[in-house]
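Peer 1: Could you look at this predicted model? Sequence included:
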Amino acid sequence: MNNFMIKKEQWLKISFVVITLWFIWFANTHFDEYTVRILNNIAIFIILAVSYNLINGVTGQFSLEPNGFVAIGAYVAALLLVSPDAKQYQYAIVDPYPFVLTLHANFVVALLLGGAFAAILAAILSFPVFRVRGDYLAIVTLGFGFIIKILAINHPEVTNGSLGLNDIPEFSNLYWTGGIAIIAVITVLNIINSKFGRAMKAVRDDEDAAIAMGVNTFKAKTLAFCTSAFFEGVGGGLLAALLTSISPDLFDFFFTFQLLIIIVLGGLGSTTGAIIGTVLVMGGSEWMRFLDEPMHLFGYETAAMPGMRMVVFSLILIFIMLFAREGVMGKRELTDILKWRKKGGK
């Protein structure tokens, strides 16, 4: 019976992957450019949300660092993708370092190096960062995000300072963003369901008890931190190749705050919730743009009300959080709900 349930769960996951791949193909060939752009953005934020949820929700470490790692991935990928000739005329503040002009790589290498640089930095930061817990951890990681932004502004020889980098080739399409989102989700779920995932959950539930039971909590937290940083770096590279232009202001604290809203709304600790939260926040805020425009209501034409969509969207978020205190999914995954319903849950 247990083997049957395992096979059923595996087939369920395979079915979701197949349906997602079919949807990516269908959307790329049948939807208009604006809708595809929104779906690209949603796919990138799914990568960022499920990876951020690994450290913040599954491991229970209140980290506020995503904007820093996303910025690293974006700048590394941009420096490798922009051609030497395009770099030559972009650096208006100061001349770039000679090695900057020689940097060039294909899209896959640029994404992997962006993720690798972020993961290496996360491994180095884990030694001082995980010496503290709770609110102190949040303050330390928040400071890291500000440091990355300041470094990007104050080193124009590499990053072109506040002007940022432009003319980045637009490599990101729905096949890339959607495909990597699938890889990120599968990787995170496999980690959560492994012995490392159980160690991460033990750290979240009671770190002192986990230490007493012999769990290497530093190793568990570092693995979650580095895995999260890697996919955030890759997501930053995809974002740079989608926007074709980046600057330090793009990676301020609001970026992290947006991801925090997504994972809390979906349910801390739930990968399925992170996906649902991304669709609700990133998709909903775009699809409600009609509220900002003039409308015909009951025979009357209302004037344009810029910002009304954000008011309505905020009210919807408040309503959801009032009636779902742990988020839409809580700590549950979709497979957990299907099992529960099979046992007679209502």
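Peer 2: Alright, I've got the coordinates. Residues are numbered from 1 along each chain as shown.
Peer 1: Just the strands from this protein, written as ranges.
Peer 2: Ranges of strands in the chain, per DSSP state E, are 296-297, 300-301.
Peer 1: center of this protein - which residue?
Peer 2: Leu48 (1.0 Å; Cα atoms, centre = their mean).
Peer 1: Chain neighbours aside, what residue packs nearest to it?
Peer 2: Gly235 (4.5 Å; Cβ to Cβ, 6 or more residues apart in numbering). (Glycine included, C-beta is placed from N, CA and C.)
Peer 1: Against Thr271, how distant is the one you found?
Peer 2: 15 Å (Cβ to Cβ, to the nearest Å).
Peer 1: do the same with Asp135
Peer 2: In terms of Cβ to Cβ, Asp135 sits 26 Å off from Thr271.
Peer 1: Between those two, point out the one with more neighbours.
Peer 2: Thr271 (28 against 9; other Cβ atoms under 10 Å).
Peer 1: Hmm, the more buried one is touching Thr187, no?
Peer 2: No - using Cβ atoms under 8 Å, Thr271 is not in contact with Thr187, being 10.2 Å away.
Peer 1: in the stretch 101-250 of the chain, which spans are helices?
Peer 2: Assignment of helices within the stretch 101-250 of the chain using DSSP state H, counting those that start in this stretch yields the ranges 107-129, 134-154, 156-159, 174-192, 195-205, 207-212, 217-243.
Peer 1: Can you say which of these is packed in most?
Peer 2: helix 217-243 (a mean of 26; mean count of other Cβ atoms under 10 Å).
Peer 1: what angle do it and helix 107-129 make?
Peer 2: Interaxial angle, helix 217-243 versus helix 107-129 (axes from the mean of the first three to the mean of the last three Cα atoms, to 10 degrees): 140 degrees.
Peer 1: Show me what helix 217-243 is packed against.
Peer 2: helix 33-53, helix 66-81, helix 107-129, helix 174-192, helix 195-205, helix 207-212 (3 or more Cβ pairs under 8 Å, 6 or more residues apart in numbering; DSSP states H and E).
Peer 1: Which elements pack onto the second one?
Peer 2: For helix 66-81, the packing partners by 3+ Cβ pairs under 8 Å, 6+ apart come out as helix 33-53, helix 107-129, helix 134-154, helix 217-243, helix 253-266.
Peer 1: Next, format those helices as JSON lines and append distance to Leu315.
Peer 2: Formatted as JSON lines, the helices and strands packed on helix 66-81 follow (distance: least, Cβ to Cβ, whole Å):
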{"stretch": "helix 33-53", "distance to Leu315": "22"}
{"stretch": "helix 107-129", "distance to Leu315": "36"}
{"stretch": "helix 134-154", "distance to Leu315": "28"}
{"stretch": "helix 217-243", "distance to Leu315": "29"}
{"stretch": "helix 253-266", "distance to Leu315": "14"}
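Peer 1: out of the ones you listed, nearest to Ala71?
Peer 2: helix 134-154 (5.1 Å; Cβ to Cβ).
Peer 1: Show the average pLDDT along the closest one.
Peer 2: For helix 134-154, the mean pLDDT works out to 88.
Peer 1: what's the nearest residue to His63 if we skip its chain neighbours?
Peer 2: Quick fix: residue 63 is Ser, not His. Thr141 is the one closest to Ser63 (Cβ to Cβ, 6+ apart), at 4.6 Å.
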